[in-house]
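Visitor: Sequence first, predicted coordinates after that:
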Amino acid sequence: MRGICVPKVLSVAAAVLLLTAVFGMAVSAFAALGENQSSISSDQAHLKARGRFVPHQFYSVQEMQTPSGTTVRQFVSPQGTVFAVTWQGSAPDLETLLGSYFEEFVTAVKREHSPRVRGIHIDDGDLVVQTGGHMRFVVGRAFLRSKTPSQVSSDEIR
């Protein structure tokens, strides 16, 4: 995955604010990581997104594509919990996608991210977030180890 280039002159705090602004531009109102899937249908209608349901043996994927071309996949456990989210296209609203885990993400980025490193890779025990790209096209994923069904490999989350 290609990373985001952050100029060396930016402090870590400034880089976090920049990334939050970039990721907050385009897509919003998806069901949040760790929450129930119940809001996915209303989110799809609100965004005028095309959606499809893809069943797998140990989980399902709710995939939406917005008119701008951004694809968001929400991985849902048999219990109805969103255990992972992936995105590709215009920058999504990470605060909405990560829900209650957003503050943990921001804290981890401030603590661990170096402006010399391209992209973001956060592994905070339970929460894993990987993202990279550039302002017009980003790819990324976030998942919760504690909510991921035991039969599902992290390699399947893409």
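Guide: Done, it's in. Numbering: from 1, shown residues only.
Visitor: Identify the residue nearest S68 in space, chain neighbours excluded?
Guide: S90 (5.1 Å; Cβ to Cβ, 6 or more residues apart in numbering). (Each C-beta comes from the backbone N, C-alpha and C, glycine too.)
Visitor: So for the one you found, what's the pLDDT?
Guide: As summarised for this prediction, S90 has a pLDDT of 87.
Visitor: And I122, by the same measure?
Guide: In this model, I122 is scored at 88, pLDDT.
Visitor: So what's the residue count around it?
Guide: 19 (other Cβ atoms under 10 Å).
Visitor: That one should be in a helix, yeah?
Guide: No. Counting by DSSP: H, G, I helix; E, B strand; the rest coil, I122 is not part of a helix but strand.
Visitor: Can you find the helix or strand of this structure with the lowest average pLDDT?
Guide: helix 12-23 (a mean of 42; mean pLDDT, DSSP states H and E).
Visitor: quick one, helices of the chain?
Guide: For the chain, the helices defined by DSSP state H occupy 12-23, 40-47, 94-98, 102-112.
Visitor: For the third one, give the mean pLDDT please.
Guide: The reference is to helix 94-98. Helix 94-98 carries an average pLDDT of 85.
Visitor: by contact count, what packs against that helix?
Guide: The contact analysis (3 or more Cβ pairs under 8 Å, 6 or more residues apart in numbering; DSSP states H and E) places helix 94-98 against helix 12-23, strand 82-89, helix 102-112, strand 137-144.
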